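Peer 1: structure, please.
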Amino acid sequence: ALTDPGTGVAIPVTRSATVNITTAGAETNTLAIPSFLGQKLILTMDTRVGGDRVVTAAQRINQAGNTIATMTEVGDFLKVEAITIAGALKWQVVANDGAVLS
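Peer 2: Take a look at the predicted model:
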């Protein structure tokens with residue numbers, strides 16, 4: 001697991017990992033493109049003291065073209081995996097339970 005980077009920080013994409021999110025208020029993160037094909041990233045809302053966590057990806061994370069995932073409740077879960085589209089690495093949502101995509 002990766003330690004929750006906290007608000008205003010990029011989520012590291014150097015390896016596959018799980019990030020257990022803890023919020024203390026309205027918080028944000030950014031997510032760069034994946035580092036390698038098949039890379040996996042799992043985001044879970046572990047503890048919600050207050051506020052949501054909004055993660056903004058550098059590019060689309062699903063077929064609909066969404067780039068934002070908002071975690072609003074304890075237990076929200078989002079799993080993405082690195083794929084290629086026209087030879088470029090992209091995140092693709094594999095599973096989502098509760099995260100709001102926009």
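Peer 1: in this protein, which residue sits furthest out from the middle?
Peer 2: What lies farthest from the middle of the chain is Ala86; by Cα atoms, centre = their mean that is 22.4 Å.
Peer 1: now it: phi and psi?
Peer 2: Phi and psi for Ala86, reported as degrees, to the nearest 10, are phi 50, psi 40.
Peer 1: Thr23 too?
Peer 2: According to degrees, to the nearest 10, Thr23 has phi -110, psi 150.
Peer 1: who does Lys40 bridge with?
Peer 2: Per DSSP bridges, the residues bridged to Lys40 are Glu81.
Peer 1: what stretches of this protein score poorly on pLDDT?
Peer 2: Of all residues in the chain, none has pLDDT under 70.
Peer 1: which residues in it form strands?
Peer 2: In the chain, the segments counted as strands under DSSP state E are 9-11, 17-23, 27-31, 40-48, 53-57, 68-71, 77-85, 88-97, 100-101.
Peer 1: of all the ones you listed, which one is nearest Leu2?
Peer 2: Proximity to Leu2 (Cβ to Cβ) singles out strand 17-23 among those, at 4.2 Å. No exception for glycine: its C-beta is placed from N, CA and C like everyone else's.
Peer 1: who does the closest one touch, helix- and strand-wise?
Peer 2: Other elements packing on strand 17-23 under the criterion 3 or more Cβ pairs under 8 Å, 6 or more residues apart in numbering; DSSP states H and E are strand 40-48.
Peer 1: for the strand it packs on, name the packing helices and strands.
Peer 2: By 3+ Cβ pairs under 8 Å, 6+ apart, strand 40-48 packs against strand 17-23, strand 68-71, strand 77-85.
Peer 1: pull out the buried residues from stretch 85-98.
Peer 2: 89-93, 96 (16 or more other Cβ atoms under 10 Å).
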